[in-house]
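**Student:** attaching a predicted model along with its sequence, questions to come.
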Amino acid sequence: MPRIHALPPTLVNQIAAGEVIERAASVVKELIENSVDAGAGRIEIEIEDGGARLIRVRDDGGGIDADDLPLAITAHATSKISSFEDIERVGTLGFRGEALPSIASVSRFALTSRSGNADAWSIEVAGGKPQAPRPAQHPRGTSVEVRDLFYNVPARRKFLRAERTEFGHIDDLVKSIALARTAIEFRLTHNGKAVRLYKPARDEGDAVRRVGDVLGESFTSQSLRIEHAAAGLNLSGWVGLPTASRSQADQQYFHVNGRLVRDKQVAHAVRQAYADVLFHGRHPAFVLFLDLDPALVDVNVHPAKHEVRFRESRLVHDFLYRTLHDALAETRAGVEQAVAPASALSWPQYRQQGGLGLGLGLGVREPLADYAALLGEVRGVPSQVLAMTDVAMETLASVNIPQADGDIPPLGFAIAQLHGIYVLAQNAHGLVVVDMHAAHERITYEKLKASQSGDGIRSQQLLVPLGLALSEREASVVEEQGDRFTALGFDIVRSGAQSASVRRVPTLLDDVDIAKLVRDVIADVIAHGSSRRVEEAGNELLSTMACHGSVRANRRLTLPEMNALLREMEMTERSGQCNHGRPTTVQLSIAEIDRLFLRGR
C-alpha cells in the first residue's frame with residue numbers, strides 16, 4: 001500500500017460533492033436553503049437545460065460581506081454554528097459548510113453578494129481554484145451561478161437524466177420549500193420561460209391558497225386541516241381524505257422545523273393512521289409540519305440532510321399516529337371537512353338509536369345471529385353486539401321532517417331508493433347518493449370495534465405451548481417487553497438464548513398463523529417500540545363479519561329505514577368510507593345538476 005497522505009482540497013471537495021450533490025436538484029436545494037437562512041423575502045431560480053447548463057439562484061437576503069466571500073467557498077466554513085452546543089440545537093436549514101465548495105468543485109461557479117449599504121463583490125471558481133474577489137453590480141442580497149454541472153467529472157455527468165426529468169425534480173423541490181415557507185415569494189424559470197410564481201402569503205387565507213397553487217384546488221377541498229399540540233410537539237398542516245387517495249406517494253410532504261425530511265417512523269405512523277380507511281396499494285396525500293425543540297431532533301445524520309433522528313422517536317410516532325387517527329375518525333358522511341368532536345356537530349341531535357332499524361324483513365338479523373352463534377363468545381365478541389337491536393318503525397316514521405334549510409341534517413332526508421342499491425336523499429345543498437351496503441358495513445364495523453375495545457383483548461390458554469425459534473435480539477425483546485405482549489393478549493416467555501414459548505393468544509385470533517403474527521409483533525416492537533398487528537388482524541376479522549352482516553344490495557327499504565341509515569351515518573366515525581376505503585356517499589349540488597340539464601345557458 002502507498003504511504004498515507006493528505007488529499008488535495010479539490011479532491012476533498014469533489015468527494016464531498018458526491019455525498020451532497022446527487023443531481024441538479026441537490027444544488028438548487030442547497031442554494032435555496034442558504035437564501036432562506038439569509039432572511040430572503042424573494043427567491044428567483046433560473047434553470048437552463050434541466051440544470052446541466054445553468055442554475056442561478058438570486059435572493060434579497062442579508063448578503064455576504066466582501067471579506068467573507070473567500071471563506072464562503074472554503075470547506076466547513078459557516079456563519080450558522082460556532083460550538084458543539086449549536087450543533088445540538090440547529091435552527092437553520094444549512095449549517096455544515098461544505099455545500100458551496102462542493103458545488104464549486106464540480107462546476108463553473110460564481111458568487112456575487114452585497115450586504116447592507118456596502119458595495120457588491122463577486123468571486124469565481126475556475127478549475128477548482130478560487131479567484132480574487134472583484135467589484136460587481138448587484139442589489140442587496142446574493143446571487144449564485146452554477147454553470148456546466150459536472151463538466152470536470154464526466155462519470156457523474158453521465159448519470160444525469162433527460163432535461164425534462166431533471167427539471168421535474170427541481171420543480172418538485174421548489175414546491176416542497178414553497179409549502180413550508182409561505183411568507184417568501186418564489187419565481188422559477190426554465191430556458192427563459194416562467195414556470196412557477198408563488199406570491200408571499202400575508203395571512204392564513206393566502207397560506208391556504210399557496211397550498212392550492214402547489215397541489216391543486218382539489219387537494220385543499222378534499223383535505224382536513226390539522227392543528228394539534230401535546231408533549232412539546234406541535235403538528236399542523238393538511239391531510240387528504242381517504243376518498244382522495246392517490247396511486248403513488250407523490251403528494252406527501254413532511255417538514256420538521258421547516259425542513260423537508262423522509263423518516264421511517266413518520267411514514268409508518270401515517271400509514272397506520274390510514275390503515276382502516278384506505279384501499280391496499282393506495283397512498284394518502286398530506287402536507288404536515290412538525291415543530292419541536294431543536295434539541296430533540298438530530299438533523300446531522302445525512303450529508304444532504306434528507307433524514308433526521310428523533311431523540312424520543314416512539315413519542316413522536318405515537319403523537320403523529322394518534323393525532324391523524326383521531327382526525328380521520330371524526331370524518332362523518334355529509335360533514336364539512338373540519339375536525340370537531342361529536343358533541344360539537346352543528347346539526348340537530350336526533351333521537352339516539354341503540355342500533356340501525358334494519359332488522360325487520362331485511363334478512364339482516366338472521367346472518368348476524370348465525371355469526372353470533374358461530375363467532376360470538378368463542379371469538380371474544382359479545383353476541384349481543386352482533387345482533388342489532390330493533391328500532392320501532394312507527395317511531396321513526398313519526399319524526400317530523402323540518403322544512404327550513406337550517407334544520408336539515410347533513411345527509412338530508414331520503415326521497416327514494418335506486419335499483420335496491422342506492423339511497424337518494426335531499427339535503428340543503430342538493431342530492432345525496434348513498435351506497436347503502438357500504439354505509440351499513442362501516443356502521444356495523446365501528447360498532448363491533450367499539451364493543452371489542454370496551455371488553456378488552458380476551459385471551460385463551462393453549463393446550464400445548466407453541467415454541468418459537470428466534471434470534472438472540474428477538475428473544476431479549478420478549479424477555480424485556482413482557483408487559484407489552486401481555487397487554488396485546490399474549491403470554492410469551494423466553495425459554496432459551498434463541499427461543500421463546502407462547503402460552504396464551506388472543507381469543508379473536510385463534511385461527512391465524514400465531515408464529516408469524518408473534519414474529520411480526522416482535523419486529524414492530526424492535527422497529528417502532530409498539531405494534532398494532534393484533535388490533536389490525538382482529539379488525540380484519542371484524543370487517544369481514546361486518547361485511548357479511550350488513551344490509552345487502554337489492555333489499556327494499558322503507559323511507560323511515562333509509563332515514564335511520566342516514567342518521568346513523570352522521571353519528572358514526574369514518575362513515576364517509578366503507579371498510580375497504582370506498583366512498584359511501586356522493587354529493588351533487590343543485591348547480592352541478594343544473595349544468596347537466598344546461599339550465600341558465
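**Tutor:** Yes, it's here.

**Student:** only C-alpha atoms for contact and neighbour calcs from this point on.
**Tutor:** Will do.

**Student:** now do Phe597 against Ile415, distance only.
**Tutor:** Relative to Ile415, Phe597 is positioned 21 Å away (CA to CA, to the nearest Å).

**Student:** and those two? Which one has more around it.
**Tutor:** Comparing Phe597 with Ile415 by other CA atoms under 10 Å, the one with more neighbours is Ile415, at 14 against 9.

**Student:** and that one, that's in a helix?
**Tutor:** No. Using DSSP: H, G, I helix; E, B strand; the rest coil, the assignment for Ile415 is strand, not a helix.

**Student:** quick one: pLDDT of it?
**Tutor:** Predicted confidence (pLDDT) for Ile415: 92.

**Student:** so how far is Thr558 from the closest residue to Ser495 other than its chain neighbours?
**Tutor:** Leaving out its chain neighbours, the residue that sits closest to Ser495 by CA to CA, 6 or more residues apart in numbering is Ser501, at 6.1 Å. In this view, Ser501 and Thr558 are 55 Å apart by CA to CA.

**Student:** now do stretch 32-45: everything it contacts.
**Tutor:** 55-63, 92-94, 141-142, 183-189 (CA atoms under 8 Å, 6 or more residues apart in numbering).

**Student:** repeat that with 6 Å
**Tutor:** Outside stretch 32-45, the residues that touch it by CA atoms under 6 Å, 6 or more residues apart in numbering are 56-62, 93, 184-188.

**Student:** re the thing from before, now do the phi/psi pair for the residue nearest to Ser495.
**Tutor:** When read as degrees, to the nearest 10, the backbone of Ser501 gives phi -130, psi 130.

**Student:** list the contacts of it.
**Tutor:** By CA under 6 Å, 6+ apart, the contact list for Ser501 reads Leu466, Gly467, Ile492, Val493.

**Student:** pLDDT at the second one, what is it?
**Tutor:** Which is Gly467. If you check Gly467, the pLDDT there is 90.

**Student:** surely it forms part of a strand?
**Tutor:** Yes. The assignment for Gly467 by three-state DSSP puts it in a strand.

**Student:** how close does the closest residue to it other than its chain neighbours sit to Glu474?
**Tutor:** Leaving out its chain neighbours, the residue that sits closest to Gly467 by CA to CA, 6+ apart is Ser501, at 4.6 Å. Relative to Glu474, Ser501 is positioned 12 Å away (CA to CA).

**Student:** which strands and helices lie in contact with the helix ranked longest in the chain?
**Tutor:** With secondary structure taken from DSSP state H, the chain has its longest helix at helix 436-455. When contacts are defined as 3 or more CA pairs under 6 Å, 6 or more residues apart in numbering; DSSP states H and E, helix 436-455 packs onto helix 533-549.

**Student:** if we use 8 Å, what do you get?
**Tutor:** Packing partners of helix 436-455 (3 or more CA pairs under 8 Å, 6 or more residues apart in numbering; DSSP states H and E): helix 383-386, helix 533-549, helix 559-571.

**Student:** compare those helices and say which comes out lowest on pLDDT.
**Tutor:** Looking at these, the bottom one is helix 383-386 with a mean of 38.

**Student:** what about Ala591, neighbour count?
**Tutor:** Count around Ala591 with other CA under 10 Å applied: 12.

**Student:** ditto for Phe289
**Tutor:** Using other CA under 10 Å, Phe289 is surrounded by 23 other residues.

**Student:** identify all contacting residues around the host helix or strand of it.
**Tutor:** Counting by DSSP states H and E, the element that carries Phe289 is strand 286-291. Outside strand 286-291, the residues that touch it by CA under 8 Å, 6+ apart are 179-180, 233-240, 251-258.

**Student:** what pLDDT does the model give the residue nearest to Ser495?
**Tutor:** On the pLDDT scale, Ser501 is placed at 91.

**Student:** now swap in the one 3 residues further on and tell me
**Tutor:** Arg504 carries a pLDDT value of 86.

**Student:** circling back: and the contacts of Ser501, which is closest to Glu22?
**Tutor:** The closest of the contacts of Ser501 to Glu22 turns out to be Ile492 (CA to CA; 47.0 Å).

**Student:** how close does the closest one sit to Asp513?
**Tutor:** Applying CA to CA, the value for Ile492 to Asp513 is 15 Å.

**Student:** of those two, which one has the most company?
**Tutor:** Neighbour comparison, Ile492 and Asp513: the larger count goes to Ile492, with 24 against 9 (by other CA under 10 Å).

**Student:** what sits against the more buried one?
**Tutor:** Counting by CA under 8 Å, 6+ apart, Ile492 touches Val478, Gly482, Phe485, Thr486, Ala500, Ser501, Val502, Arg503, Arg504.

**Student:** repeat for Arg108
**Tutor:** With CA under 8 Å, 6+ apart, Arg108 has these contacts: Glu124, Val125, Ala126, Gly127, Val146, Arg147, Asp148, Leu149.

**Student:** repeat that for 7 Å
**Tutor:** Contact analysis of Arg108 by CA atoms under 7 Å, 6 or more residues apart in numbering lists Val125, Ala126, Val146, Arg147, Asp148.

**Student:** give me the buried entries from these.
**Tutor:** Buried subset of the contacts of Arg108 (neighbour count, 16 or more other CA atoms under 10 Å): Val125, Val146, Arg147, Asp148.

**Student:** just those: which are in strands?
**Tutor:** In strands, judged by DSSP state E, the following of the buried ones among the contacts of Arg108 are found: Val125, Val146, Arg147.

**Student:** can you put those in TSV and add distance to Pro583?
**Tutor:** Output for these, formatted as TSV (distance: CA to CA, whole Å):
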residue	distance to Pro583
Val125	58
Val146	49
Arg147	51
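
**Student:** quick check: which of those residues has the minimum pLDDT.
**Tutor:** pLDDT across those is lowest for Val125, at 89.

**Student:** separation between that residue and Val12?
**Tutor:** Remark: distance between Val125 and Val12 (CA to CA) = 15 Å.

**Student:** burial measure for Ala162, as a count.
**Tutor:** Close neighbours of Ala162, defined as other CA under 10 Å, add up to 12.

**Student:** which residues touch the closest residue to it other than its chain neighbours?
**Tutor:** Distances taken as CA to CA, 6+ apart put Gly50 closest to Ala162, at 7.8 Å, once the chain neighbours are dropped. By CA under 7 Å, 6+ apart, the contact set of Gly50 is Glu163, Arg164, Glu166, Phe167.

**Student:** gap between Gly50 and Ala110?
**Tutor:** Gly50 sits 19 Å away from Ala110, going by CA to CA.

**Student:** please apply the same query to Thr572.
**Tutor:** With CA to CA as the criterion, Thr572 and Ala110 are 61 Å apart.

**Student:** please settle this for me: is Ser102 part of a helix?
**Tutor:** Yes. The assignment for Ser102 by three-state DSSP puts it in a helix.

**Student:** that one contacts Leu11, correct?
**Tutor:** No. If you go by CA atoms under 7 Å, Ser102 and Leu11 don't touch, sitting 9.6 Å apart.

**Student:** who's more crowded, the two?
**Tutor:** The residue with more neighbours, out of Ser102 and Leu11, is Ser102; 27 against 13, by other CA under 10 Å.

**Student:** what separation do you get for that one and Ala72?
**Tutor:** Distance from Ser102 to Ala72, counting by CA to CA: 11 Å.

**Student:** sheet partners, orientation included, of the helix or strand harbouring Val423?
**Tutor:** According to DSSP H and E, Val423 maps onto strand 422-426. Partner strands and pairing direction for strand 422-426 (DSSP bridges) are strand 413-418 (antiparallel), strand 430-435 (antiparallel).

**Student:** just the C-alphas of that strand, formatted as CSV.
**Tutor:** Coordinates of each C-alpha in strand 422-426 appear next as CSV, following Å, rounded to 0.1, in the frame of the first residue of the first chain:
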residue,chain,number,x,y,z
TYR,A,422,-78.5,3.4,-3.6
VAL,A,423,-80.4,5.6,-1.3
LEU,A,424,-81.3,9.1,-2.8
ALA,A,425,-81.7,11.9,-0.3
GLN,A,426,-82.3,15.6,-0.5
